[in-house]
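Prediction below, plus the sequence it came from.
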Number of protein chains: 2
Amino acid sequence: MPEKIKVVVTRQLIPEAQKLLESEPNLEIIQWHNENPCDRNWLLTNAPNSTGILLTLSDKVDTELLETAGPTLKVISSFSVGTDHIETSAVKHRNIRLGYTPTILTDAVADLAVMLILMAQRRGGEGIRNVLDGRWPQMPWSPALMTGPQIGGSVVGFLGFGRIAQATVKRLVPFGVEKVVYLTSRPGERAREDYFGLLRDQPVSIEPAGSWEEVARESDIVVVACSLSESTKHLVGTEFLGMMKKEAVVVNIARGPVVDTDALMKALDEERIFGAGLDVIEGEPNITADHPILRQKRCVLVPHIGSATFNTRMGMAMESVRNLLAVLRGEEMVNECVL
Amino acid sequence: MPEKIKVVVTRQLIPEAQKLLESEPNLEIIQWHNENPCDRNWLLTNAPNSTGILLTLSDKVDTELLETAGPTLKVISSFSVGTDHIETSAVKHRNIRLGYTPTILTDAVADLAVMLILMAQRRGGEGIRNVLDGRWPQMPWSPALMTGPQIGGSVVGFLGFGRIAQATVKRLVPFGVEKVVYLTSRPGERAREDYFGLLRDQPVSIEPAGSWEEVARESDIVVVACSLSESTKHLVGTEFLGMMKKEAVVVNIARGPVVDTDALMKALDEERIFGAGLDVIEGEPNITADHPILRQKRCVLVPHIGSATFNTRMGMAMESVRNLLAVLRGEEMVNECVL
């Protein structure tokens, strides 16, 4: 009789994914059974002699965890699109394989990008607040009342042009976008991947920008869709915002620190740009009710709900279990992170 | 020297439209010069002997106004998409021609329909409120946190299938809609107009529904886009909402009374539907802060901003001036309301 293989799971899973996990007969499953994020000490206590760990973005993967788990550890399966919580060099150094779920949330995040663009342009947050605060009866109709820019005829600039950005373009085309420009880590060069045939078909002009200045100056809508790195941190800062058009909006669906919050607040205060829509922000989730960004009526801020759809979360759970089981069974992962 | 032609204008116009109006040499322009809606007594005092009146949806056109203006009146040009404020029979009876601006706001309203669908599905209003009220730091990440349905794979049902509804379909297709059903005043019959070639090309299945019950039962997203009449008043009421799917949302971009507010609140209270997005509501704009709909966190309500974009409002102003001048010059109106 073969020895049981120990796996540590730092989350409750949805029933379908739990069932899939338990369908593997030889597993000893050690699981965190609380709705709150997994306690670090619990994880360190249970990691030794495990073969696999399934965890989420609230669990840090560092040398301490890997050393504690010991040489039996073969696979980390992360229930996340990003790997910011993982010291990938430490994982690589130990020949541990890393799975994640990068593609399944594309539709959910691209949908949210469109929502935030529309809310920033059409003053969605301001409109809701006017109604909630009982101001509607005192808003006599006038031609300029609550007006904003619209997507039709606009230039949309992307910082980063991966799968989510391209899925956003796909959605925006029938709104009447005039042109798309994008900046990648290779300014001026055509994007390598063409996920939906948009670069080939060119339903509208879609061209690489030579510099971030070009994106800032040309765009009516700026969508931040790049990963966070030393070179993208605060990329949308005082200089960038200062070059933007007065009626332009900026939307961040990537990582908070790509946008310099102080610079954004100043640009909104001085009405140098029209509005902003943020799914992420520096210092999240510790944004208290007295945070000055919340006084900006032209800034819409939602609590990092990019991937928050039923389909996506179910898909992420299933895929993270599949990634874990694949390594244990010697099969290919659905999505393996190349280290 | 020809006598001056008197026209009454109940609004300040944007500069471009004002310039166009004043470019007509023989006009005596009597204009309301205040940001508030035009005073009724002022209008009645100035209407006599006018040839044309340019007015907005806050000015009622009834027998009293037409009688007061007298037999010189040839044209009413309304700066509006709707004609609810106009007794059209009284206008027709006197052979007065009626201009309005029905098509120019299609893009702006269809954009807003998409915004409201996304906000209703993705809990946009609830997300904003959670952040504003300082609850984000106490929202530990979990797979089900703030999740909602998504457009991909959904059936979208339209009540009314005119230009705005079809422009909304055009936008929704690349989000991955599976099927569109629509109800017109001729249930089961194909829509007569195919504004964007969608019925011909069928980028997804687009079929007429045989009844409102079919729309209610099949749809994941219901979009109210019909005109208000005896037969559409409270069409979305207790029965309709009771037949909807538990994870479905309803969006109203048409006229408030098509949706029965009390029935909607009850359906939301009992979680019989997932959410709602409203640009219009019964009794608007007199929605005070204590209105019970505002306690519904799954209901997004914005203050009738469907046409509120710079482009649209500028276009409406220009077109209403053009409609007025066309009749005075014996030319064809841009948009004449067939009475």
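The structure has been received and is ready for your questions. Residues are numbered from 1 along each chain as shown, chains lettered A, B, ... in the order given.

pull the CA atoms of the strand or helix carrying A:R217 into PDB?
According to DSSP states H and E, A:R217 maps onto helix A:212-218. Written as PDB, here are the backbone C-alpha positions of helix A:212-218 (Å, rounded to 0.1, in the frame of the first residue of the first chain):
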ATOM      1  CA  TRP A 212       4.800  56.700 -22.400                       C
ATOM      2  CA  GLU A 213       4.700  60.400 -23.300                       C
ATOM      3  CA  GLU A 214       3.000  59.400 -26.600                       C
ATOM      4  CA  VAL A 215       0.300  57.400 -24.700                       C
ATOM      5  CA  ALA A 216      -0.200  60.300 -22.200                       C
ATOM      6  CA  ARG A 217      -0.600  62.900 -24.900                       C
ATOM      7  CA  GLU A 218      -2.700  61.100 -27.400                       C
END
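
Give me the phi and psi for the nearest residue to A:G162 once chain neighbours are set aside.
The shortest distance from A:G162 to any non-neighbouring residue, by CB to CB, 6 or more residues apart in numbering or on different chains, is to A:A225 (6.7 Å). Heads up, the C-betas are built off the backbone N, CA and C, glycines and all. Here the main-chain torsion angles of A:A225 (degrees, to the nearest 10) amount to phi -140, psi 30.

residues touching the residue of the stretch 101-250 of chain A found nearest chain B, list them.
Chain B sits closest to A:G134 of the stretch 101-250 of chain A, with a gap of 3.1 Å, by CB to the nearest CB. Residues in contact with A:G134 (CB atoms under 8 Å, 6 or more residues apart in numbering or on different chains) are B:287-290.

Which of those residues has the largest number of neighbours?
When these are compared by neighbour count (other CB atoms under 10 Å in any protein chain shown), B:I287 ends up highest, at 22 neighbours.

if we can go back for a sec, list the helices and strands the helix holding A:R217 packs on?
Helix A:212-218 is packed against strand A:155-159, strand A:179-183, helix A:238-243, with contacts defined by 3 or more CB pairs under 8 Å, 6 or more residues apart in numbering or on different chains; DSSP states H and E.

for it, the distance to its chain's centre please.
Chain-centre distance of helix A:212-218: 23 Å, with CA atoms, centre = their mean, to the nearest Å.

repeat for stretch A:286-293
Centroid displacement of stretch A:286-293 relative to its chain, using CA atoms, centre = their mean, is 21 Å.

Please apply the same query to stretch A:294-304.
On the basis of CA atoms, centre = their mean, stretch A:294-304 is displaced by 17 Å from the centre of the chain it belongs to.

ditto for stretch A:112-129
Relative to the chain's own centre, stretch A:112-129 is displaced by 18 Å; criterion: CA atoms, centre = their mean.

Give me the spatial nearest neighbour of A:I104, chain neighbours excluded.
That would be A:G315: by CB to CB, 6+ apart, it lies 4.2 Å from A:I104.

which residues sit in contact with that neighbour?
A:G315 sits next to A:101, A:104-105 when contact means CB under 8 Å, 6+ apart.

For the spatially most central residue of chain A, give its distance to chain B.
Nearest to the mean C-alpha position of chain A, by CA atoms, centre = their mean, lies A:A254 at 4.5 Å. Applying CB to the nearest CB, to the nearest Å, the value for A:A254 to chain B is 17 Å.

Contacts only, for that residue.
Contacts of A:A254 by CB under 8 Å, 6+ apart are A:159-160, A:224-228, A:280.

Equivalent analysis for A:F240, please.
A:F240 makes contact with A:212-213, A:216, A:263 under the criterion CB under 8 Å, 6+ apart.

hang on, the earlier thing: would you mind measuring from the residue nearest to A:I104 to A:C38?
To A:C38, A:G315 is 21 Å away according to CB to CB, to the nearest Å.

Can I get stretch A:228-243 as CSV, trimmed to CA atoms?
The C-alpha trace of stretch A:228-243 is given here as CSV (Å, rounded to 0.1, in the frame of the first residue of the first chain):
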residue,chain,number,x,y,z
LEU,A,228,4.1,46.1,-11.5
SER,A,229,7.9,46.4,-11.6
GLU,A,230,10.6,49.0,-10.8
SER,A,231,10.0,50.5,-14.3
THR,A,232,6.2,50.7,-14.0
LYS,A,233,6.0,51.9,-10.4
HIS,A,234,4.4,55.4,-10.4
LEU,A,235,4.6,55.4,-14.2
VAL,A,236,1.3,57.3,-14.1
GLY,A,237,2.6,60.2,-12.0
THR,A,238,2.8,63.9,-12.1
GLU,A,239,4.6,64.1,-15.5
PHE,A,240,2.3,61.6,-17.1
LEU,A,241,-0.9,63.1,-15.8
GLY,A,242,0.3,66.6,-16.7
MET,A,243,0.6,65.5,-20.4
